[in-house]
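J.: Sequence and computational prediction follow.
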Amino acid sequence: MKKIKKPHVIAHMTVILITAVYLVIIISTGKQFRRETFPKPDRQSLLDGTLADEIENYLGENLGFHDMLFQLKSRTDLIIGEKMIQGVYVTDERLIEKQFCTGTGSAELINAFHEEYNLPTYLILVPSASEIYESTLPANALSSNQEKQIKSIYSDTGTGIRCVDAYHILSSLEDSYIYYRTDSHWTSYGAYYVYQSAIQKMGFTPVSYQKYVISHLSTDFRGDLYRKTLYNEIKPDVLDCYTYENGSEITGIQVRYQDSTLERRSELYDKSALESDNMYQFYLGKPCECMKIRTNLNNDKKLLLYKDDFGDCMIPFLLQHYSEICVVNLEQTGSNFQDAADPAEYTQAMFLCSVKNWQEMFQS
């Protein structure tokens, strides 16, 4: 009986045929390219698909067709049943990053932090969209069971560390717009409801959702998962800004980058990001090691916030309660986060991080 080729082999063969058509067109129009470096086919590269990748890279470098060919290859994969592009699942309504971590994460560093500084300390681990929308993934999709992992880390935290159950807050809102469709982050709407629970634990009354004016900064936001897949059949996202008109005002911001460069700013938001490929940087600007934000509140409440980029869109909500927030970027400091700011200067500390990043940075 004649063997049927595997779907991924068929996909790669299709890309090679498409590539050949483009080469004929280009050659016929007189386009020059370096023939001596053009990938040479052999039996192995045809079977394992590496020839298609080599040709795609060659055309991207020499003829400028990389994005077009990548999109064609991705569409071909989907047509023949592949539901994943570059580690991103394609569902009917959204792109979802594949999440699977073999590590379990650890509470050791936050426990050591609390024991040393004895600050009221709070921990929020945010699940990935793949966990909340697991039912929409292909049947063979790997599951990392982040709910179990979060519970395990929370149960290992020491006495005096209060944990916020972001998992069940977000699960109860899964039919709402709590994660972007084309980006791996949660939306400001999702962040608000976790803030609402967290800030009560921290001794404050949350600002009512109805008091915020919501501005749609862009209705054509395509995020990091789109940039990874170039798949444009998913509806673009809406990027929102929440403003509390009777709330606190920022009086000054000092930013320190990894190279020790200092920058002073008067505004939290980076409007130039709205014209870039990474609109999500609107919330805080380009990544920095440490950012001190001062407000006109005179309550002597100061928060030390250790966060990854999930924390960016929650900061505007937290600013309604503190005279100062020092934001430390865990993705830049890693386990050396305590060196970025002096905890003795603050009245509370919060660790806010996606469970995926927490697992990768603080393995048990």
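T.: Alright, I've got the coordinates.
J.: element containing Glu263, please.
T.: strand 262-265 (DSSP states H and E).
J.: show me where the stretch 251-364 of the chain has strands.
T.: Here the stretch 251-364 of the chain has its strands, by DSSP state E, counting those that start in this stretch, at 262-265, 290-295, 302-307, 324-329, 348-354.
J.: Make CSV out of the ones you listed and add distance to Glu115, mean pLDDT and mean neighbour count.
T.: For glycine as for every other residue, the C-beta is placed from the backbone atoms N, C-alpha and C. Converted to CSV, the strands of the stretch 251-364 of the chain look like this (distance: least, Cβ to Cβ, whole Å; pLDDT from 0 to 100; neighbours: other Cβ atoms under 10 Å):
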stretch, distance to Glu115, mean pLDDT, mean neighbour count
strand 262-265, 32, 96, 11
strand 290-295, 23, 98, 20
strand 302-307, 16, 98, 23
strand 324-329, 19, 98, 23
strand 348-354, 13, 98, 24
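J.: Check what contacts the strand holding Glu263 and list those residues.
T.: Outside strand 262-265, the residues that touch it by Cβ atoms under 8 Å, 6 or more residues apart in numbering are Gly252, Ile253, Gln254, Val255, Arg256, Tyr257, Gly285, Cys288.
J.: cutoff 6 Å now
T.: Ile253, Gln254, Val255, Arg256 (Cβ atoms under 6 Å, 6 or more residues apart in numbering).
J.: Show me the domain layout of the protein.
T.: 7-82, 102-209+245-361 (automatic domain parsing).
J.: In the protein, where is pLDDT below threshold?
T.: 1-38, 43-82, 100-103, 364 (pLDDT under 70).
J.: What's the biggest strand in it, counting residues?
T.: strand 213-221 (DSSP state E).
J.: Send me it as PDB with only the CA atoms.
T.: What follows is strand 213-221, C-alpha atoms only, in PDB (Å, rounded to 0.1, in the frame of the first residue of the first chain):
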ATOM      1  CA  VAL A 213     -13.500  57.300  31.600                       C
ATOM      2  CA  ILE A 214     -12.400  54.700  29.000                       C
ATOM      3  CA  SER A 215     -10.700  56.000  25.900                       C
ATOM      4  CA  HIS A 216     -10.200  53.700  22.900                       C
ATOM      5  CA  LEU A 217      -6.600  54.500  21.800                       C
ATOM      6  CA  SER A 218      -6.700  52.000  18.900                       C
ATOM      7  CA  THR A 219      -9.200  49.600  17.500                       C
ATOM      8  CA  ASP A 220      -6.500  48.100  15.200                       C
ATOM      9  CA  PHE A 221      -4.100  46.700  17.800                       C
END
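J.: Against which helices or strands is that strand packed?
T.: Judged by 3 or more Cβ pairs under 6 Å, 6 or more residues apart in numbering; DSSP states H and E, strand 213-221 is in contact with strand 237-243.
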